[in-house]
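In: the following block contains a protein sequence and its predicted model.
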Amino acid sequence: MSLPRPRKVVLLVALVATLTLLCCGGGVTAVLLGGLTDEGSNKVNASLGCGKGGPVDPDSKLPRIRSYGAAQIRNAAIIINVGTDLKMPPRAWVIAVATAMQESRLTNLGDLGSRNDHDSLGLFQQRPSAGWGTPAQVMDPVYASTKFYDKLQTVKGWETMSLTEAAQRVQISAYPDAYAKHEPVATQIVNMLADGAAAAVGSSVSMVCAAAGEIAASGWTLPVKAGVGSGFRTASRPNHQGVDLIAGRYTPIHAAASGIVSKVKCDEDHSGRQTCNVDGYPGKGGCGWMVEIQHAGNIMTRYCHMVQRPFVKEGQKVTAGEVLGRVGTSGNSSGPHLHFEVHLNNDRSSAGAIDPVPFMREQGAPLGGQG
């Protein structure tokens, strides 16, 4: 069963390729999706304080993102609208959209016959036989989204769980690890439809931007709250594959997002020595004490020059904001700082490295306070 076509639907859309997330004190009113009845009245759902966007009339052309078309993006807007009506924070919107991406590709699926997973229906593939509601109810995107959020609220600590763990607690899927891969695009969709809401932190729809230890709706946070010193692949340091965040010795270093620790080591210097429990110096070589984490979307982050052995172990699951170790100056270093890298495709070589500054800005956790 599909919803009646509105006379006019207004979406606040910022093109993802040019989206700039702003930390600001005031609120920006976002009209996520209005006119869900033939009366066509628009509805203001949230006051957002991070992000920038502009109104688009989807009657002429609905936005697309990757392989998701107008109807699918409209279903995502419904999911977000329901979340704001229920006073759920933006992190919940990202979780819900990612879950629907995995379950139905944001398509309100009806009875597919032999291709159905038992009697699963709708955006979230909820099963009437499992108590989610009648077939007509779970085929209503508003009802289905409401049921998802209601169940999510019963999961203790969902706000700090990884997306895939929180979604699995609600859905009890046969493929519990499948949700994680949708987190980056779900974040982009929420940003696009909700005026950059992936920058928001906290448990309400009042928006402030992420600081060290605070988790943005995107699931990302600052590794340390510090200014950016040496930048990514500068003219003077073309082989510098990350950025240096200048912080005092023993400052806690946070995991930038949930993931699995893939490497913990004392990196060898140019002489092949592993001498990380002493201060380093320029030209010594190596990262000193270091940690690497694999995240959803095949993203890897690296943290270098810790003052002592990191607090985590290889294979350990970590949550966003979890303390990995403390700032130091081991390895190739001229003073205390965190060298922070972001790599795509889980490629830990220089070929996979990207500039962390625009990447983190897009996640709603801008480094060095850059908006």
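Out: Arrived safely, thanks for sending. Residues are numbered from 1 along each chain as shown.
In: where do the helices sit along this structure?
Out: Secondary structure of the chain, counting by DSSP state H: helices at 70-85, 90-104, 135-138, 141-153, 163-171, 183-193, 356-362.
In: residue 260 is in contact with residue 293, correct?
Out: Yes. The criterion here is CB atoms under 8 Å, and residue 293 meets it with residue 260 at 6.8 Å. C-beta here means a position set from N, CA and C on the backbone, and glycine is covered the same way.
In: give the residues shared as contacts by these two.
Out: Counting by CB atoms under 8 Å, 6 or more residues apart in numbering, the contacts common to residue 293 and residue 260 are residue 318.
In: pick out whichever of these two has more residues nearby.
Out: residue 293 (25 against 14; other CB atoms under 10 Å).
In: distance-wise, check the more buried one relative to residue 301.
Out: Residue 293 sits at a distance of 5 Å from residue 301 (criterion: CB to CB, to the nearest Å).
In: which neighbours do those two share?
Out: Applying CB under 8 Å, 6+ apart, one finds that residue 293 and residue 301 are jointly contacted by 255, 256, 257, 259.
In: domains in this protein, as residue ranges please.
Out: Annotated domains of the chain cover 11-199, 227-369 [automatic domain parsing].
In: what's the closest of these to residue 215?
Out: domain 227-369 (4.7 Å; CB to CB).
In: in a markdown table: the helices of the chain, plus mean pLDDT and mean neighbour count.
Out: Listed next are the helices of the chain as a markdown table, based on pLDDT from 0 to 100; neighbours: other CB atoms under 10 Å:
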| stretch | mean pLDDT | mean neighbour count |
| --- | --- | --- |
| helix 70-85 | 91 | 23 |
| helix 90-104 | 94 | 27 |
| helix 135-138 | 94 | 18 |
| helix 141-153 | 96 | 20 |
| helix 163-171 | 92 | 23 |
| helix 183-193 | 86 | 26 |
| helix 356-362 | 91 | 21 |
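In: contacts for stretch 270-288?
Out: Contacting residues not belonging to stretch 270-288 are listed as 266-269, 289, 302, 304-306, 308-309, 328-334, 339 [CB under 8 Å, 6+ apart].
In: need the CA coordinates for that stretch. PDB is fine.
Out: Written as PDB, here are the backbone C-alpha positions of stretch 270-288 (Å, rounded to 0.1, in the frame of the first residue of the first chain):
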ATOM      1  CA  HIS A 270      64.400   3.900  10.200                       C
ATOM      2  CA  SER A 271      67.000   1.700  11.900                       C
ATOM      3  CA  GLY A 272      64.500  -1.100  12.500                       C
ATOM      4  CA  ARG A 273      64.400  -0.600  16.200                       C
ATOM      5  CA  GLN A 274      61.200  -0.600  18.300                       C
ATOM      6  CA  THR A 275      61.900   2.100  20.800                       C
ATOM      7  CA  CYS A 276      58.600   3.600  21.700                       C
ATOM      8  CA  ASN A 277      58.800   4.100  25.500                       C
ATOM      9  CA  VAL A 278      61.000   7.100  25.000                       C
ATOM     10  CA  ASP A 279      60.500  10.500  23.300                       C
ATOM     11  CA  GLY A 280      61.200  10.500  19.600                       C
ATOM     12  CA  TYR A 281      62.800  13.200  17.400                       C
ATOM     13  CA  PRO A 282      62.500  14.500  13.900                       C
ATOM     14  CA  GLY A 283      64.000  12.000  11.400                       C
ATOM     15  CA  LYS A 284      63.800   9.000  13.700                       C
ATOM     16  CA  GLY A 285      61.100   7.400  11.600                       C
ATOM     17  CA  GLY A 286      58.000   5.400  12.500                       C
ATOM     18  CA  CYS A 287      54.700   6.100  14.200                       C
ATOM     19  CA  GLY A 288      55.800   5.200  17.700                       C
END
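In: in that stretch, what's buried?
Out: By 16 or more other CB atoms under 10 Å, the buried positions in stretch 270-288 come out as 275, 276, 279, 280, 284, 285, 286, 287, 288.
In: over that stretch, what's the mean pLDDT, rounded is fine.
Out: Stretch 270-288 carries an average pLDDT of 95.
In: so for residue 248, which of the helices of the chain sits nearest?
Out: When those are ranked by distance to residue 248, counting by CB to CB, first place goes to helix 356-362 at 20.2 Å.
In: this completes my enquiry, with thanks.
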